[in-house]
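> prediction below, plus the sequence it came from.
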Amino acid sequence: MSKSLFLFCLSLLAEKTNSWPWPSLWSSGNPLKSTGKVLNFLPVPVTEECLSDDSRRTGLCLNAYECRIQNGDSHGPCALGFGVCCVFTASCNAEVANNVTYFVNPNFPGLLNDVGECTLKVKKVSDDISQIRLDFVNFNLAQPNRKTGVCETDTFVVSGAGSNDLKFCGLNSGQHVYYDVDDVKDAITINVRLTKANYNRMWEIKITQIEFAQRAPAGCLQYFQGVSGTIQTMNYAINGRHLADQDYVICMKQEQGMCSIVYEPCDENSFKIGPPITSDTVEGSGDGGSTSVISLDEFRECSDRVMMPCDSEEFLTTQGGPGICDLLHCGNTFCSDKETPCRIESSTTPFVIRVQFGPGNREENPEDNLGMCLKYEQQTC
């Protein structure tokens, strides 16, 4: 509980003990007679996030009346019983302006298999709001084209901040993204477009408005905090395929006392971005054929790739932006064949990974384009 909320509650108890004139409100001759409970229009002094009574969703601590007139749902008490944990939920063709809102498909938690569009408008609650964070609690849309990675059947699009649109499809439960809204004056638009029936969809997306002081670092689509964790590309799933047209940065907060970070694949099959890269040069083999080798220059032209930080200055370029070391990875292995176990350590800060997946203008084996799943752990100084 915050200090201000605690002091408020103490003051209420003190004032009631000192015969503050609340009892007259429910005396026998008063038209506002109550059953002895505090009237629900008494204000809750500090609007804070709270956990709903099912411990599943986050709400705002408001008085019961304010929650009701804002079309929220009460889910348990907060502020020592002076308020309720008010959870806001919205679906298609709605406009919301709350610190925390859950955007769900019609009939949630039921599945949706219709065609059509579902649009939500999100307005900033104040001019100090700098980002919108989307947590994909449940996100199950149709898969992209298996050979190209293009979202064709279903699309989830976030727009409203110029040309910086986000576009996803497939399975992304557990993922999160940040969307910059510094220059947004009106509202951002979240649009889900479904073009074919008989696909079972479900989405439940927590939308949190972030003030400037709490924003993720500029340029980070994803921002992970903690000494260790797991990062995945979008639509990383069994029988999935990484999406086309993606260019973003994944950031890990450098925790106190940590000077480097180690990355390793989640398992032996968790790094597949394009066809395998040949490592040995063989030309003019005995049967008259030849084995082509991808040189360093050709390797750097991988249309689908990730760029990892590295410690050697010889790899530094301006292509990756400030502070990003242009050591590229693509193919079906995260490390070279000689590295066992497969671990890459970097002391380059900030801790970032850039994902660059090109346009879906070619067809490739989906088994070679699963995407990336990495575990990371920061190392002490």
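Structure's in. What do you need?
> hey, let's count contacts and neighbours off CA atoms from now on
OK.
> I'd say Lys272 and Thr333 touch.
Yes - using C-alpha atoms under 8 Å, Lys272 is in contact with Thr333, at 6.7 Å.
> what's around the nearest residue to Pro359 once chain neighbours are set aside, how many residues?
Once flanking residues are discounted, Pro359 sits nearest to Asp245: 4.8 Å by C-alpha to C-alpha, 6 or more residues apart in numbering. Residues within reach of Asp245, counting by other C-alpha atoms under 10 Å, total 19.
> then Ser91?
18.
> what's the per-residue pLDDT of it here?
You'll see Ser91 listed with a pLDDT of 96.
> got the phi and psi for it?
phi -130, psi -140 (degrees, to the nearest 10).
> settle this for me: it is touching Asn105, isn't it.
Yes - when contacts are counted by C-alpha under 8 Å, Ser91 is listed as touching Asn105 (5.9 Å).
> pull the contacting residues for the residue nearest to Pro359.
Val150, Gln356, Phe357, Gly358, Pro359, Gly360 (C-alpha atoms under 8 Å, 6 or more residues apart in numbering).
> any of the residues you listed buried? List them.
Neighbour counting with 16 or more other C-alpha atoms under 10 Å marks Val150, Gln356, Phe357, Gly358, Gly360 as buried within the contacts of Asp245.
> once you drop chain neighbours, what's closest to Glu264?
Arg343 (4.7 Å).
> neighbours of the one you found, how many?
14.
> my guess is it meets Cys266, correct?
No - using C-alpha under 8 Å, Arg343 makes no contact with Cys266, being 10.8 Å away.
> do I have it right that Glu364 meets Thr148?
Yes - contact criterion C-alpha under 8 Å: Glu364 and Thr148 qualify, at 6.5 Å.
> when those two are compared, which one has more neighbours?
Each of Glu364 and Thr148 has its neighbours counted (other C-alpha under 10 Å); Thr148 has more, 21 against 15.
> in this structure that one contacts Arg362, no?
Yes - in terms of C-alpha under 8 Å, Thr148 counts as a neighbour of Arg362; the distance is 6.0 Å.
> rewinding a little: how far away is the residue nearest to Glu264 from Gln225?
As judged by C-alpha to C-alpha, to the nearest Å, Arg343 and Gln225 stand 20 Å apart.
> output the buried ones among the contacts of Asp245 in JSON lines, with secondary structure and pLDDT appended to each entry.
JSON lines is the format used below for the buried ones among the contacts of Asp245 (DSSP: H, G, I helix; E, B strand; the rest coil; pLDDT from 0 to 100):
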{"residue": "Val150", "secondary structure": "coil", "pLDDT": "96"}
{"residue": "Gln356", "secondary structure": "strand", "pLDDT": "94"}
{"residue": "Phe357", "secondary structure": "strand", "pLDDT": "95"}
{"residue": "Gly358", "secondary structure": "coil", "pLDDT": "93"}
{"residue": "Gly360", "secondary structure": "coil", "pLDDT": "88"}
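> show the end-to-end separation of stretch 174-191, please.
Chord length of stretch 174-191, first to last residue, is 20 Å (C-alpha to C-alpha).
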